[in-house]
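Visitor: sharing a sequence plus its predicted fold:
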Number of protein chains: 2
Amino acid sequence: MSTDQPKGLLSTESYKGVRDFYPEDYYIHRWILETMRKACQSFGYTEYDASVLEPTELYTSKTSEEIINNQTYTFTDRGDRSVTLRPEMTPTVARMVAARWRDYPMPIRWFSIPNVFRYEKPQRGRLREHWQLNADMFGATGIEADVEMIALAAHVIKTFGATDSDFEIQINDRRLINATLEKIGATGEQHNALLFALDRKEKETSKDPAIASLMETYGTTIAPDEYLTQVMDALKRRGITNVRFSPYLVRGFAYYTGVVFEVFDTNPENRRSLFGGGRYDNLASAYTTQQIPAIGFGMGDVTIHDFLEIRNKLPAFKHPATVFIATTSPTVAAEAYNLATQFRDAGVYTSLNVTDKKIGDQIKYADKLGIPYVVVVGDDEVKNNTFVAKHLPTGNETPINRDDLTQFLQTP
Amino acid sequence: MSTDQPKGLLSTESYKGVRDFYPEDYYIHRWILETMRKACQSFGYTEYDASVLEPTELYTSKTSEEIINNQTYTFTDRGDRSVTLRPEMTPTVARMVAARWRDYPMPIRWFSIPNVFRYEKPQRGRLREHWQLNADMFGATGIEADVEMIALAAHVIKTFGATDSDFEIQINDRRLINATLEKIGATGEQHNALLFALDRKEKETSKDPAIASLMETYGTTIAPDEYLTQVMDALKRRGITNVRFSPYLVRGFAYYTGVVFEVFDTNPENRRSLFGGGRYDNLASAYTTQQIPAIGFGMGDVTIHDFLEIRNKLPAFKHPATVFIATTSPTVAAEAYNLATQFRDAGVYTSLNVTDKKIGDQIKYADKLGIPYVVVVGDDEVKNNTFVAKHLPTGNETPINRDDLTQFLQTP
């Protein structure tokens, strides 16, 4: 890491591959998280969370061995326990549901927006830490459950302002994939190699001629079965028309057991998967003898940020304060503070001068921060009980009696 | 850790000393965080954040050596970098301000609500991970700056519903403490031992007779100086009257340089420090040659949770959905979904049946979740375009035309 720090000073850089969120960055970050939250809540999903620290054994089952070996932050604590910074949320929610499914009526509809960690080479859209919306439904199977989860995925991206033409939902089914592989005569050993090759279909052709040949056969054989056709028809009847069967959609995670789907950016210069999910009916069985079917998806904050940034759909930073109170001298400081209290008690967020800067510099401070109004408090204003509310973007000045000032700022 | 898991199943317990937030827990957790957020924003503070992963060197300066050696989660990453899970936020914000202070008008007023980690024996109110509001002001000194930060601390706890009689603000000044120690003839070597002893005054008496004797002298010598008197008077003129000079208040962190304060629970059965802060004018100098004075405080979520729980001031869980749509048969599923879309588009959060449960069981599901309204969709309702909105807490049933149903649920 480069640093232009003078000798003897510590570096001000963050750890590699993670982000500092300065207020203008955090504003957008929070807007993304709040938009995800609102979209899930509007479908009646409730929020949960857990610690970023998990026992490593949560990830050492066969489903995610590769991830554990190569891509996680795993360390030993002072009590000789192996601890991992969660690389994904699904094992955590499966653990939590398995522990307490008796306490909740089924289906359980939950979401969370955790930060997750992967130890990989930082590159655009692939940081070592990102936030990921996880929406999941436990304890329901069938068309309506699958439809709701895919519809929620579409609802989330549309809540961000995307239109139907901005994205496409690709869909497949692990059961259909497996049945097709059997049908074309793939052996048990070829099964995983084929899944891996299918997953990369649009990136490369398999170097193994037997696998490459089977993939050709697979591509001409597979077609939506009755179930998948019903799911796609049901989505269309619900106004979700940008859905397409994708024979090569597999999704990497080994735990999927049914419908899988991915939301794709339709921008011709940037065609790529934005996020996706699928049905995983067996994951909870690592923790409980109760059969708990599940379907869900995960959506990363960096990917959606880039998707929205290209389309100019990110919001502009807005300072929380409506008004800045400037003061002409320390003698009016208590009066100014009490005016601020009057504003704050009425829900008008207020920033107050605490310096001995000149009035002009105080106003510049408010203007630079983007606070729209300034009220100057001086001896005359206090004596006359009348203040001027100056609107910085227009320069308009409105003289107002103290009693009416709060209401003016509440609905400027 | 005990577990009653059947043989062969993985434990469903979280890592030791951290919390799983099930929806009803998360609801309260989020309410605490949002209340902190609102209180800081109402003073015109803007939110920032950073990763929980920091380079270890951030904590290895003299100010926090003890913490690093004994109480942090520190590990080496695969690139041989030493990484620490942040034990507190102040070094992070000092680093961030030092990196980019030129981009922001002074004073910088920022807050954050990070999770922070300490490797200590878990006990009530002292978990290994907790969330901590950090509010800080950079680039301002003097009475008004100090007053604002102490006033903000009082404002935060009052925003939680605490009254003036629930808490007391204790205040002291490191400059006054140091001047007093010099005045009573403490040597340089005795200085740190005395600070340590003062910090523990109410817990034990020093075993070193010289130190114990100096502490007696200190107690009868120290009195608020002009500056501290002005600060306390200014607070009173601003309506903050529950302030008390506390000669033995030191606060552990070595980086404090001026005013220090702590908010105490006044409950006679639970007198203890809830949270606190102080002025630290030299911390940024580890990262920049620019002098950046600062004052701030930190407030933990567990402490405030316990403070509010004892006083019955925590909110009751509320499900996000206003209405649950029940369905009599799969034939009306699309109609029911489209009614849900009508509701959701109007901001009425809606949960929809996706199962083949009987109507009675569907209504029980909504009732258990705490969703207040149920609308049943069946063939008759669809044909007549009229639905019954059933209010579960009262049992009241209101038949309404489809077009008026949304408005009814918006303002039930």
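Guide: Nice, thanks for sending it over.

Visitor: list the buried residues for stretch A:366-382?
Guide: Buried residues in stretch A:366-382, counted by 16 or more other C-beta atoms under 10 Å in any protein chain shown: A:366, A:369-378, A:381-382. For every residue, glycine as well, the C-beta is placed using N, CA and C.

Visitor: next one: stretch A:165-184
Guide: Using 16+ other C-beta under 10 Å as the test for burial, stretch A:165-184 gives A:166-177, A:180-181, A:184.

Visitor: is it positioned near chain B?
Guide: No: Stretch A:165-184 does not reach chain B (C-beta under 8 Å from any C-beta of the partner chain); its nearest approach is 15.9 Å.

Visitor: for that stretch, measure first residue to last.
Guide: Terminal residues of stretch A:165-184 are spaced 36 Å apart (C-alpha to C-alpha, to the nearest Å).

Visitor: which of the buried residues of stretch A:366-382 sit farthest apart?
Guide: Spanning the widest gap among these are A:370 and A:382, at 27.5 Å by C-beta to C-beta.

Visitor: residue A:36 should be in a helix, yeah?
Guide: Yes: according to DSSP: H, G, I helix; E, B strand; the rest coil, residue A:36 belongs to a helix.

Visitor: is it in contact with residue A:133, as I believe?
Guide: Yes: shown here, residue A:36 and residue A:133 form a contact pair, counting by C-beta atoms under 8 Å, at 4.3 Å.

Visitor: any residues in contact with both of those two?
Guide: Common contacts of residue A:36 and residue A:133 (C-beta atoms under 8 Å, 6 or more residues apart in numbering or on different chains): A:111, A:113, A:156, A:299.

Visitor: my guess is residue A:211 contacts residue A:190. True?
Guide: Yes: applying C-beta under 8 Å, one finds residue A:211 in contact with residue A:190, separated by 6.6 Å.

Visitor: sorry, back to before: okay, and which of the buried residues of stretch A:366-382 map to helices?
Guide: Members of these lying in helices (criterion: DSSP state H): A:366, A:369, A:381-382.

Visitor: how about the closest residue to residue A:55 other than its chain neighbours, phi and psi?
Guide: Distances taken as C-beta to C-beta, 6 or more residues apart in numbering or on different chains place residue B:15 nearest to residue A:55, at 5.4 Å, with adjacent residues excluded. Here is the backbone geometry of residue B:15 (degrees, to the nearest 10): phi -60, psi 150.

Visitor: I'd like to know how far residue B:15 sits from residue A:48.
Guide: Going from residue B:15 to residue A:48 by C-beta to C-beta, to the nearest Å gives 16 Å.

Visitor: compare neighbour counts for the two and give me the winner.
Guide: Per other C-beta atoms under 10 Å in any protein chain shown, whichever of residue B:15 and residue A:48 has more neighbours is residue A:48, with 26 against 22.

Visitor: got a list of what that one touches?
Guide: Counted by C-beta under 8 Å, 6+ apart, residue A:48 has contacts A:93, A:96, A:110-112, B:20-23, B:25-26.

Visitor: drop anything exposed from the residues you listed.
Guide: Buried among these (16+ other C-beta under 10 Å): A:93, A:96, A:110-112, B:20-23, B:26.

Visitor: so which of the residues you listed belong to strands?
Guide: Counted as lying in strands by DSSP state E, out of those, are A:110-112.

Visitor: verify the contact between residue A:315 and residue A:32 for me.
Guide: No: in this structure, residue A:315 is not within contact of residue A:32 by C-beta under 8 Å, at 9.5 Å.

Visitor: neighbour count winner among these two?
Guide: The neighbour comparison of residue A:315 against residue A:32 (other C-beta under 10 Å) goes to residue A:32, with 22 against 12.

Visitor: setting aside sequence neighbours, what's the nearest residue to that one?
Guide: residue A:301 (5.2 Å).

Visitor: separation between that neighbour and chain B?
Guide: Residue A:301 sits 12 Å away from chain B, taking C-beta to the nearest C-beta, to the nearest Å as the criterion.

Visitor: distance of that residue from residue B:343?
Guide: Relative to residue B:343, and taking C-beta to C-beta, residue A:301 is found at 28 Å.

Visitor: of the two, which one has the most company?
Guide: Using other C-beta under 10 Å, the more surrounded residue of residue A:301 and residue B:343 is residue B:343, with 23 against 20.

Visitor: the more buried one: what's it in contact with?
Guide: Counting by C-beta under 8 Å, 6+ apart, residue B:343 touches B:322-323, B:325, B:349-350, B:405-406, B:409.

Visitor: which ones among these lie within helices?
Guide: Applying DSSP H to the contacts of residue B:343, the entries found in helices are B:405-406, B:409.

Visitor: ok, now which ones touch the residue nearest to residue A:32?
Guide: Contacts here follow C-beta under 8 Å, 6+ apart; on that basis residue A:301 touches A:29, A:32-33, A:113, A:130-133.

Visitor: make a ChimeraX selection of the buried ones in those residues.
Guide: In ChimeraX, a selection of the buried entries from those looks like this (16+ other C-beta under 10 Å):
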select /A:29,32,113,130,131,132,133
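
Visitor: any chance of TSV for the contacts of residue A:301, columns pLDDT?
Guide: Below are these laid out as TSV (pLDDT from 0 to 100):
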residue	pLDDT
A:29	98
A:32	98
A:33	98
A:113	98
A:130	96
A:131	98
A:132	98
A:133	98
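
Visitor: pick the one among the contacts of residue A:301 closest to chain B.
Guide: Nearest to chain B among the contacts of residue A:301: residue A:29, at 7.2 Å, using C-beta to the nearest C-beta.

Visitor: assign a three-state SS to the closest one, would you?
Guide: Here residue A:29 is recorded as helix under three-state DSSP.

Visitor: do residue A:148 as well
Guide: Note that with three-state DSSP, the state of residue A:148 is helix.

Visitor: list, one by one, the residues from the stretch 201-350 of chain A near chain B.
Guide: For the stretch 201-350 of chain A, the contact set with chain B under C-beta under 8 Å from any C-beta comprises A:234, A:237-239, A:286-289, A:319-321, A:324, A:330, A:333-334, A:337-338, A:341, A:344, A:347, A:349-350.

Visitor: among the residues you listed, which are located in strands?
Guide: Per DSSP E, these map to strands at A:324, A:350.

Visitor: would you agree residue A:224 is in contact with residue A:176?
Guide: Yes: the pair residue A:224 and residue A:176 qualifies as a contact (C-beta under 8 Å) at a distance of 7.2 Å.

Visitor: circling back to that earlier point, which of the ones in helices among the buried residues of stretch A:366-382 sits closest to chain B?
Guide: Ranked by distance to chain B (C-beta to the nearest C-beta), those are led by residue A:369 at 6.4 Å.

Visitor: distance check, that closest one against residue A:333.
Guide: For residue A:369, the distance to residue A:333 equals 20 Å [C-beta to C-beta].

Visitor: that older thread, need the ones in strands among the buried ones among the contacts of residue A:48 in a markdown table with pLDDT, can you?
Guide: Below are these laid out as a markdown table (pLDDT from 0 to 100):
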| residue | pLDDT |
| --- | --- |
| A:110 | 98 |
| A:111 | 98 |
| A:112 | 98 |
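
Visitor: which of those come close to chain B?
Guide: Among those, proximity to chain B is found for residue A:110 (C-beta under 8 Å from any C-beta).

Visitor: dump the ones in strands among the buried ones among the contacts of residue A:48 into a markdown table; add distance to residue B:104 as well.
Guide: Formatted as a markdown table, these follow (distance: C-beta to C-beta, whole Å):
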| residue | distance to residue B:104 |
| --- | --- |
| A:110 | 39 |
| A:111 | 34 |
| A:112 | 33 |
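
Visitor: out of the ones in strands among the buried ones among the contacts of residue A:48, which one sits closest to residue A:277?
Guide: Nearest to residue A:277 out of these is residue A:111 (C-beta to C-beta; 11.9 Å).
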